[in-house]
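K.L.:
this one's sequence-less:
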Ligand code: PMP
């Protein structure tokens, strides 16, 4: 019965489902913050060769991938733990550090659902501090909720679903105020898109702060969401603990090859950043021109509310867009029933989304 308390993870609707439901030829998905340019050319090429290796077990500690990540991020390999998406790293961090029935995990509200789901599953108290009305973070309020049993604090930067990112100096002050026994996990799933990254990321403090953990993923800027690949950067002793308890083959042989190739394909990576940064500017400007209110964002998605005079609810607009073959994300499950989230797509997808939304809003007049 305890297991029945959990709902299976609710992923967004798929293109195939919507195509079938409405008999549409073309469907656009801007709901899961995936890469707007698809898969990197070098990844496609390497995967073809790597397919012939699929009968082999991978190396359990993914040494080649960890080395490539370490080089890319300018850290020692002993600080890198790769996993089946950053979801896996979130799970093993809580398992390794929090004692069920005694410790607590702290995060803002709303936040990415995995922190809560895994804490609850492991029997660890999950505490939340509401974000401010404008979706910024009051890190002093978060600090007030830390006590001697707070094992981990999760802060998402840039945030999902708002796109807000606190400045590096503010995060640094918060990090330095934490007791050394409390891990500070900064989930940087969307940090690649921040402009400039250095103004927001505190990964340069890894050498100095032993309790700092940085989470990154290959699902967004590297275009490998379906491969399931993410990693954490942390103190080598903590990395060693995680390597002891993780499932040995959670990073499969194709994912490891794909991750290495994605790091090497710097052209694709740069093109992705360029597409996202210009796309989000355009979407924000055009949404504003329609009377919608987009939130400032450092991520590859944008959260917005509808024009005040709009007679439709956010959910109605979401459904009317679905009928037109455009999938975005309603935010009811984040406790934000009036907001919608759209991923930045390629030029064609952005255009189709804006046209669809304009039609829906005009019809509702
Ligand atoms: N953290 C945040 C804030 C996310 O939004 C996501 C993806 N939705 C993840 C982590 C998980 O990423 P991965 O695909 O690497 O498990």
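P.N.:
Perfect, thanks for sending it. These numbers come from a predicted model, not from an experiment. Numbers count the residues shown, from 1 in each chain.

K.L.:
in this structure, what residue comes closest to the ligand?
P.N.:
Closest to the ligand within the chain is residue 85: 2.6 Å, counting by Cβ to the nearest ligand atom. Bear in mind the C-beta positions are built from the backbone N, C-alpha and C, glycine included.

K.L.:
wait, residue 334 touches residue 161, no?
P.N.:
Yes. Using Cβ atoms under 8 Å, residue 334 is in contact with residue 161, at 5.4 Å.

K.L.:
shared neighbours of these two, anything?
P.N.:
By Cβ atoms under 8 Å, 6 or more residues apart in numbering, residue 334 and residue 161 have these common neighbours: residue 110.

K.L.:
show me which of these two is the more surrounded one.
P.N.:
residue 161 (25 against 19; other Cβ atoms under 10 Å).

K.L.:
just the strands from this protein, written as ranges.
P.N.:
Remark: strands assigned in the chain by DSSP state E are 28-29, 80-83, 104-109, 125-130, 150-156, 183-187, 212-217, 230-233, 293-294, 301-305, 326-327, 329-330, 339-343.

K.L.:
quick one: which of these is nearest residue 54?
P.N.:
Smallest distance to residue 54 across these (Cβ to Cβ): 18.5 Å, for strand 80-83.

K.L.:
which positions in the stretch 151-300 of the chain make contact with the ligand?
P.N.:
156, 160, 187, 189, 217, 219, 225, 230 (Cβ under 6 Å from any ligand atom).

K.L.:
which of the residues you listed has the most neighbours?
P.N.:
residue 187 (28 neighbours).

K.L.:
so that one versus residue 152, what's the distance?
P.N.:
Separation of residue 187 from residue 152 (Cβ to Cβ, to the nearest Å) stands at 11 Å.

K.L.:
center of the chain - which residue?
P.N.:
In the chain, the centroid-proximal residue (Cα atoms, centre = their mean) is residue 189; its distance is 4.1 Å.

K.L.:
before we move on, the earlier item: which members of the residues of the stretch 151-300 of the chain next to the ligand are the farthest-apart pair?
P.N.:
Pairwise over these, using Cβ to Cβ, the maximum falls at 156 and 225, 17.1 Å.

K.L.:
sorry, back to before: next, format the strands of the chain as JSON lines and append mean pLDDT.
P.N.:
Below are the strands of the chain laid out as JSON lines (pLDDT from 0 to 100):
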{"stretch": "strand 28-29", "mean pLDDT": "96"}
{"stretch": "strand 80-83", "mean pLDDT": "98"}
{"stretch": "strand 104-109", "mean pLDDT": "98"}
{"stretch": "strand 125-130", "mean pLDDT": "98"}
{"stretch": "strand 150-156", "mean pLDDT": "98"}
{"stretch": "strand 183-187", "mean pLDDT": "98"}
{"stretch": "strand 212-217", "mean pLDDT": "98"}
{"stretch": "strand 230-233", "mean pLDDT": "98"}
{"stretch": "strand 293-294", "mean pLDDT": "98"}
{"stretch": "strand 301-305", "mean pLDDT": "98"}
{"stretch": "strand 326-327", "mean pLDDT": "97"}
{"stretch": "strand 329-330", "mean pLDDT": "97"}
{"stretch": "strand 339-343", "mean pLDDT": "98"}
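
K.L.:
ok, which of those comes nearest residue 312?
P.N.:
Nearest to residue 312, of all these, is strand 339-343, at 11.1 Å by Cβ to Cβ.

K.L.:
starting at the chain centroid, how far to that closest one?
P.N.:
Offset of strand 339-343 from its chain centre (Cα atoms, centre = their mean, to the nearest Å): 14 Å.

K.L.:
partner strands of that strand, with direction?
P.N.:
If you go by DSSP bridges, strand 339-343 pairs up with strand 301-305 (antiparallel), strand 329-330 (antiparallel).

K.L.:
report the contact partners of residue 257.
P.N.:
Here residue 257 is in contact with 46-47, 49-50, 53 (Cβ under 8 Å, 6+ apart).

K.L.:
alright, calling it a day.
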